[in-house]
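Engineer: Mind looking at a prediction? Sequence and model below.
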Amino acid sequence: MTLVLVAHGTRDPAGAVVVEEVAALVRARLAGVPVRVAYADVRQPDVTSVLSSVSGPAVVVPAFLAAGYHVRVDIPAQVAASGHPDAVVTAPIGPALLPALVARLREAGWRAGDSVVLAAAGSSDPRALADVRQVADALARRVGPVAVGYAATASPRVADVVASLPGRVAVASWLLAPGLFHRVVAESGAAVVSAPIGAHLRVVEAVLLRYYEARCHQHVA
């Protein structure tokens, strides 16, 4: 059963490197299981072309942190366009990655007492924004009050939130890989900006969990 790992896509080569690193780590844990990389936007190959070359059952795992347009509409549409007869799309991996987010924030130099901003990509889908708010609430239980800012599409923007907060500001980057969105976050004016979550062990475990859940469902069905 092939695992298709789907990332957003970025023109930044460093972002593609992170996705390939995650895929390699997942591949190492799933000995003998084909693991393919696809992109929902910007880069190739897209989900349609990857699935068109896959025979047998496939599990499509969106390496996304919230269930916005790409997860709810774009990826399922690309799966349908492939004509693949036995492919299932899982939920995104974001909810499992809070420990990785906290680790990246601490690594960047967060200190108790800092004003904290959770910086997300942004979405026009209110359900995706609600997902981000849930992460902010969970993060607040670890580090104190957390404001939310966005790099694009939604408001308020990260730089505006940073400018509105008192004292030293630390930004927790709720992004998977480097790219345009993280450059916006890095230029927000905060004293501390965490790195994207990247090829963290929690990402690998979250992808594996989605794969196993889908595989079990297919076997039961």
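Structural biologist: Looks like it arrived, so ask away.

Engineer: ok, and for stretch 124-139, which residues are buried?
Structural biologist: For stretch 124-139, the neighbour count (16 or more other CB atoms under 10 Å) marks 125, 128-129, 131-132, 135-136, 139 as buried. All C-beta atoms are positioned from the backbone trio N, CA, C, and that covers glycine.

Engineer: Just name whatever secondary elements the top helix by length along the chain is in contact with.
Structural biologist: In the chain, with assignment by DSSP state H, the single longest helix is helix 201-220. On a contact count with 3 or more CB pairs under 8 Å, 6 or more residues apart in numbering; DSSP states H and E, helix 201-220 meets strand 2-7, helix 13-29, strand 58-62, strand 87-89, helix 98-108.

Engineer: who does the third one touch, helix- and strand-wise?
Structural biologist: Going back to what we said before, that points to strand 58-62. Applying 3+ CB pairs under 8 Å, 6+ apart, one finds that strand 58-62 makes contact with strand 2-7, helix 47-52, helix 75-82, strand 87-89, helix 201-220.

Engineer: what's the domain layout of the chain?
Structural biologist: The record's domain parsing of the chain by automatic domain parsing lists 2-93+199-220, 95-193.

Engineer: would you list these in TSV and tack on mean pLDDT?
Structural biologist: What follows is the domains of the chain, written out as TSV (pLDDT from 0 to 100):
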stretch	mean pLDDT
domain 2-93+199-220	92
domain 95-193	96
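
Engineer: on that earlier part again, of the helices and strands packed on strand 58-62, give the one that comes closest to residue 21.
Structural biologist: helix 201-220 (9.4 Å; CB to CB).

Engineer: Show me which positions of the closest one end up buried.
Structural biologist: Judged by neighbour count (16+ other CB under 10 Å), helix 201-220 contains these buried residues: 202-208, 210-211, 214-215.

Engineer: if we can go back for a sec, need the helices and strands packed on strand 58-62 in a markdown table with distance to residue 171, can you?
Structural biologist: A markdown table is the format used below for these (distance: least, CB to CB, whole Å):
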| stretch | distance to residue 171 |
| --- | --- |
| strand 2-7 | 22 |
| helix 47-52 | 31 |
| helix 75-82 | 28 |
| strand 87-89 | 31 |
| helix 201-220 | 19 |
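
Engineer: Residue 168: which of those is closest?
Structural biologist: Minimum separation from residue 168 across the helices and strands packed on strand 58-62 (CB to CB) falls at helix 201-220, 26.6 Å.

Engineer: angle of that closest one against helix 98-108?
Structural biologist: Angle of helix 201-220 versus helix 98-108, following axes from the mean of the first three to the mean of the last three CA atoms, to 10 degrees, is 170 degrees.

Engineer: just the angle between helix 201-220 and helix 13-29, please?
Structural biologist: If you take the same axes, to 10 degrees, helix 201-220 sits at 50 degrees to helix 13-29.

Engineer: what angle sits between helix 201-220 and strand 2-7?
Structural biologist: Using the same axes, to 10 degrees, the inter-axis angle of helix 201-220 relative to strand 2-7 is 140 degrees.

Engineer: what's helix 201-220 in contact with?
Structural biologist: The contact list for helix 201-220 (CB atoms under 8 Å, 6 or more residues apart in numbering) reads 1, 3, 5, 22, 25-26, 29-30, 57, 59, 61, 63, 86, 88, 90-91, 93, 96-97, 99-100, 176, 197.
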